[in-house]
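1. prediction below, plus the sequence it came from.
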Amino acid sequence: MYLFYCFVSNTVNSHLRVLKRLKDKIKSRDVFYYCLSKLLIYESEAADLAPELYSFYFESAAYGLLFSSPITRTKCVTVLSYLSKASIEPIIPLLPRLETYSNDVYWELKGQVLILCANILLAFNSNEDEEKEEDSKAPVMIDNEGGEVMEIHADDEEVSGLPDSIAEEPEEEKELEESKIEPVQPEGEEEEQVDETQNMSKIESL
């Protein structure tokens, strides 16, 4: 199958013309979808697949799922498995139909459905990890005493200009404040001291 692209320039339009010509010339559905699943391997990386090529392969594969031939369905699911590495959003609506293939007698069809489901799960997990990283890197907005809004990032080691309620107090200032605190005496001891002073005053008056 690689020979088809050996004599064609490596452009999106050239590849689309070859694919459309094959679709018109090949009358057997099984043969066409077999060629489609093989030619897709020789395209650029799935992440860099052109939108025009993605649309052609996806529409052809989605239409091929309507046929009863297990070979045609298998090749269509193979195409969808490769396309899922680029984008899974267009494939999600096809999941109810793909679910019915899990009980199919044709083992290769069930295997391709399993591969497609694994790719979709990996895509979901990667999206969740990216969202968590973005949330952790989101700046925190804080108003300082001057009324200015500051951004604090998780990667910042030191932040200056924080308000007094947030900034940590130095240890020396804490020790000085603690030394200024007067010890509190129990109520009984205060009364005894008052009685002693009164007795002393009476003795001196005598």
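-> Everything's here; your move. Worth saying up front: this structure is predicted, and the values here are computed from it rather than measured. Residues are numbered from 1 along each chain as shown.

2. sticking with Pro90, tell me its helix or strand.
-> In the assignment (DSSP states H and E), Pro90 maps to no helix and no strand.

3. for the residue nearest to it when sequence neighbours are not counted, give me its contacts.
-> Excluding its sequence neighbours, the residue lying closest to Pro90 (C-beta to C-beta, 6 or more residues apart in numbering) is Phe58, at 5.6 Å. Backbone N, C-alpha and C define where each C-beta goes, glycine included. By C-beta atoms under 8 Å, 6 or more residues apart in numbering, the contact set of Phe58 is 79-80, 83, 90-91.

4. in three-state terms, how would Phe58 be classified?
-> Look at Phe58: counting by DSSP: H, G, I helix; E, B strand; the rest coil, its state is helix.

5. separation between Ala61 and Ile120?
-> 15 Å (C-beta to C-beta, to the nearest Å).

6. which one's more surrounded, those two?
-> Comparing Ala61 with Ile120 by other C-beta atoms under 10 Å, the one with more neighbours is Ala61, at 26 against 18.

7. pLDDT on whichever strand or helix holds the more buried one, on average?
-> In this assignment (DSSP H and E), Ala61 forms part of helix 51-64. For helix 51-64, the mean per-residue pLDDT is 93.

8. next one: stretch 71-81
-> Average pLDDT, stretch 71-81: 94.

9. returning to that earlier point: after the helix holding Ala61, next one along is what?
-> According to DSSP H and E, the helix or strand after helix 51-64 is helix 70-83.
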